[in-house]
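Novice: Output the structure for:
(chains A, B and C)
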Amino acid sequence: MGVTLTILSLIVLIPLSAVALKASEQTFPEFLQAAFNERALTAYRLSFGAAFIAAIINGVFGVLTAWALIRYQFPFKSLVNGIIDLPFALPTAVAGIALATLYAPNGWIGALFAPAGIKIAYTPLGVVIALTFIGLPFVVRTLEPVMRDLAADVEEAAASLGANRFDTILRVILPALGPAWLTGIALAFARAVGEYGSVIFIAGNMPYKSEIAPLLITIELEQYDYAGAATIAVVMLAVSFLMLFVINAIQAWARRLGQ
Amino acid sequence: MTISIRSVEKTFGRYPALNGVSLEIADGELLALLGPSGSGKTTLLRVIAGLEFPEKGQILYGDQDMTYTSAAARRVGFVFQQYALFRHMTVAKNVAFGLDVRKGQAKPSKSEITARVDELLKLVELGELGKRYPAQLSGGQRQRVALARALAVNPSVLLLDEPFGALDATVRKSLRKELRRIHDATGVTTIFVTHDQEEALELADRVAILNKGAIEQVGAPHEVHDNPVGAFVCGFVGESNRFEGAVKGGRFQSADIALPAPGVTDGAAVAFVRPHELVVAPADQSNLNIVTERIAPQGAVVRVDGATASGQRIEAAFARQNAGDLQPGAKLSLAADRSYVFSA
Amino acid sequence: MSRLRHPTEDPVWAKVVILTLVGLFLVCVLILPLITVFFEATRKGLPAALEAIQNEDARAAIKLTLITAAITVPFNVVFGLCASWAIAKYEFPLKPFLITLIDLPFSVSPVVAGLIYVLVFGAQGWFGPWLLDHDIKIIFAVPGIVLATIFVTFPFVARELIPLMQEQGVDEEEAAVSMGASGLRTFWSVTAPNVRWGLLYGVLLCNARAMGEFGAVSVVSGHIRGLTNTMPLHVEILYNEYDFVGAFAVAALLCLLAIVTLVLKALLELVQPQSRPGRH
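Specialist: Residues are numbered from 1 along each chain as shown, chains lettered A, B, ... in the order given. Here you go, the predicted model:
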């Protein structure tokens, strides 16, 4: 008990409050300027926007992947099932350089798009790709247990009541998966917002263009602008807390539905 | 709607689930499919519903061949053992689902659907609970919702798979009566699956007894109980003492037990005697001489456990007033009013 | 066999479309990147790749990564056991707050995780002057790397153990204690066997993250070659110096670590087949 609280305080609580205190060393207008100047705003926009798009992509493909893993038989299924967790196990820097190489204009995939004038790496598109990689397991792994528990008799009931397969999926299966699905998307989003390692290699890191919020923190640190770094950190922490709150709210809602 | 099942065969892998089953169900009838687990009764129900398709044979609704029609197109009402309610929908939405998914002309108007839902919730006595979610209901209430949902589509046939199996004993009893009342009120042809003979005998107009994927006997509850056509039905329906032995010259013999077996061919045979068809008799008229072990008065009857000299276990049940003064460890001579003997 | 589809089965065209989409997605996002790493690492032949992971700087980075993991993992095991024990077996106010606090590092950006230690222990931080006076270096040195790694990894073990211990409840332990077992003995003979697979699972994920952490470590390390470079940081430096073979060779080593982790994880899930929601 005591040990737990002491360690938690030493490692989490005190350092976290240091961020808040550092940020509060400025006057309020200074704080606003540091938190919401043009460059910071574009960085948030990229971080949150790309994280959101990536979370949606993972929402769509996560449902399909989980469905395929639970319902279909196909070759190398257990291999596919294992590799889903790769983003949990692979160091982010490794993912970063691999994705940057792959999606660069001369990379295997980048070369396919280059003739059409589409650049992926070193643009916001690349950021979305990296954040999709990092968030991929969340939706699949939160959906799987719920899908497995989804009893066949509920689908049969819908069919016997005259619903076609499309209606059954749209009105019975997907709504039943709803809370778990949203949880997975929110988790993927929360993870993607703060992601650094896999993004910086593919992002391009151009100020006002392809610079993510965590990168801005490191840049300000390198310029010894500690208050500025702490300010952006405070904004990011606020979003993290908000996400924790959202995820808990979704789970409370799911419990009410009896899942 | 009459339902005709003609020589239906269905296998799961190598395992034959239905072995040429034929059955006619009359319009408005309440029929029970009774059998032990693995007898094929649930498979038969699912084949009738279109949730499984047979390899051979035909399913007819009226004179229409439905064998390979999808479940969605058959307009059946199916009630599942575990309710299978849509838990993200309110009770009212659950009941309305079958009407709500209809397309175009076939779809009733909003007000018609609401009226129908209200009517059905009243029928199953859940009038006030339309806005609740399934998770907020008891097991018995959930099964009523499932019943109302199945009835909402005006099904040509109502099919229930062990509808009371997940409920506790008291709820099961009251819901059983409820089902009979609803059946009589709607007049819909109804088939339900059960492994509980008491449930089948109490509720159904007719009972079909299945064993190993085939129908052993179909008849009114008292018929299958009183005139079983074979050893399986006799042993499965009602209580009985079972003896294995042989018939020779119209007499069944098993160690120290002898029973009349008129018309049964000579050879190995099984005999059944129902506990309540045993009576206390003078020694010279008795078939069974036992030593009593346990005397248990139960309401209107007294149950007696005992064994013959050769160790055959016997159970008897006497009306309380005829039982006299029975003591454990005493000798007792019994005669069978009736016995059933079948060639093995 | 039957001419018709079972009502819970999808039409064949839907299966084909879904499997194709999923396959394409996984190939583009997971499988090709993995292949890229090994392909780029061996672009100039295997010897060049082997040389890149055997030179002095690479060895120093590997050593530092191993040291970091060797400190972080045991620390987190002890902390995880304490924390989950406290949460599962005792009732106290602020318990939900405690659980949230344990979860927090999962949702904090790794860069912020690094930053907080710079603010506390850095030259301009709270303890900066004092540390400078006593000639203790934390930031831009190994202790800072270890601290930042502990921060980002400590939910792994605790998260895994809390549900296990809660599920197990106190009955078994009370039974053991009522039979006269001492506290420590109760733990070893009753609690530990019940949670060992969960513990191993947590350790596995914790180790993978500890060895692979980049953002938090990058902020506190100072990138001093041969001294404060972990393997992921070494990958970054080589990559930024356009030494792609070197960068991908070290990356390939980390990939192998990830693959071993995944295989062990799959084996553990076979031993203890529970559904695990993706909270990692």
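Novice: From here on, just use CA atoms for contacts and neighbour counts.
Specialist: Will do.
Novice: does the residue in chain A that chain B sits nearest to count as helix, strand or coil?
Specialist: Nearest residue of chain A to chain B, counting by C-alpha to the nearest C-alpha: A:Gly162, 3.9 Å away. Using DSSP: H, G, I helix; E, B strand; the rest coil, the secondary structure recorded for A:Gly162 is coil.
Novice: got it, and A:Ser210?
Specialist: Assigned with three-state DSSP, A:Ser210 falls in the coil class.
Novice: Around it, how many other residues sit close by?
Specialist: 22 (other C-alpha atoms under 10 Å in any protein chain shown).
Novice: any weak-confidence spans in chain B?
Specialist: Under the criterion pLDDT under 70, the flagged ranges of chain B are B:323.
Novice: the helices in it, which residues?
Specialist: Taking DSSP state H to define them, one finds helices in chain B at B:41-49, B:71-74, B:91-100, B:110-123, B:139-152, B:169-186, B:197-203, B:221-226, B:231-236.
Novice: and what of the stretch 151-280 of chain C?
Specialist: Secondary structure of the stretch 151-280 of chain C (DSSP state H, counting those that start in this stretch): helices at C:155-168, C:171-178, C:183-186, C:192-212, C:215-221, C:231-240, C:244-271.
Novice: In CSV, list the ones you listed along with mean pLDDT.
Specialist: As requested, those are arranged in CSV below (pLDDT from 0 to 100):
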stretch, mean pLDDT
helix C:155-168, 82
helix C:171-178, 68
helix C:183-186, 69
helix C:192-212, 85
helix C:215-221, 88
helix C:231-240, 90
helix C:244-271, 89
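Novice: which of those is buried the deepest?
Specialist: Mean neighbour count (mean count of other C-alpha atoms under 10 Å in any protein chain shown) peaks for helix C:215-221 among the helices of the stretch 151-280 of chain C, with a mean of 28.
Novice: Would you mind pulling the contact partners of it?
Specialist: A:196-197, A:218, C:110-115, C:117-118, C:139-142, C:144-145, C:148-149, C:152, C:228-229, C:233 (C-alpha atoms under 8 Å, 6 or more residues apart in numbering or on different chains).
Novice: does any part of stretch B:46-64 sit near chain C?
Specialist: Yes: using C-alpha under 8 Å from any C-alpha of the partner chain, we find that stretch B:46-64 touches chain C at B:Leu51, B:Glu52, B:Phe53, B:Pro54, B:Glu55.
Novice: contacting residues for the first one?
Specialist: By C-alpha under 8 Å, 6+ apart, B:Leu51 lies in contact with A:Glu156, A:Ser160, B:Ser70, B:Ala71, C:His6, C:Pro7.
Novice: And whichever residue of chain B sits closest to chain C, how far from B:Leu210?
Specialist: Chain B approaches chain C most closely through B:Phe53 (5.9 Å), counting by C-alpha to the nearest C-alpha. Using C-alpha to C-alpha, to the nearest Å, B:Phe53 is found at 19 Å from B:Leu210.
Novice: if you count what's nearby, which of those two comes out ahead?
Specialist: Higher neighbour count among B:Phe53 and B:Leu210: B:Phe53, with 30 against 25, using other C-alpha under 10 Å.
Novice: Surely the more buried one and B:Leu44 touch.
Specialist: No: at 9.8 Å, B:Phe53 does not count as touching B:Leu44 under the criterion of C-alpha atoms under 8 Å.
Novice: what does the stretch 101-250 of chain A put close to chain B?
Specialist: A:151, A:153-154, A:156-164, A:167, A:172, A:175-176.
Novice: Report the buried members of those.
Specialist: The neighbour-count test (16 or more other C-alpha atoms under 10 Å in any protein chain shown) marks A:153-154, A:156-164, A:172, A:175-176 as buried among these.
Novice: filter those residues down to the ones near chain C?
Specialist: Okay, of those touching chain C (C-alpha under 8 Å from any C-alpha), that's A:Glu156, A:Ala159.
Novice: Can you list the residue ranges for helices in the stretch 1-150 of chain A?
Specialist: A:2-8, A:14-23, A:28-36, A:38-71, A:77-83, A:86-89, A:92-103, A:110-113, A:124-149.
Novice: Give the other helices and strands that the fourth one contacts.
Specialist: For helix A:38-71, the contact count by 3 or more C-alpha pairs under 8 Å, 6 or more residues apart in numbering or on different chains; DSSP states H and E identifies helix A:124-149, helix A:174-193, helix A:213-222, helix C:12-26 as packing neighbours.
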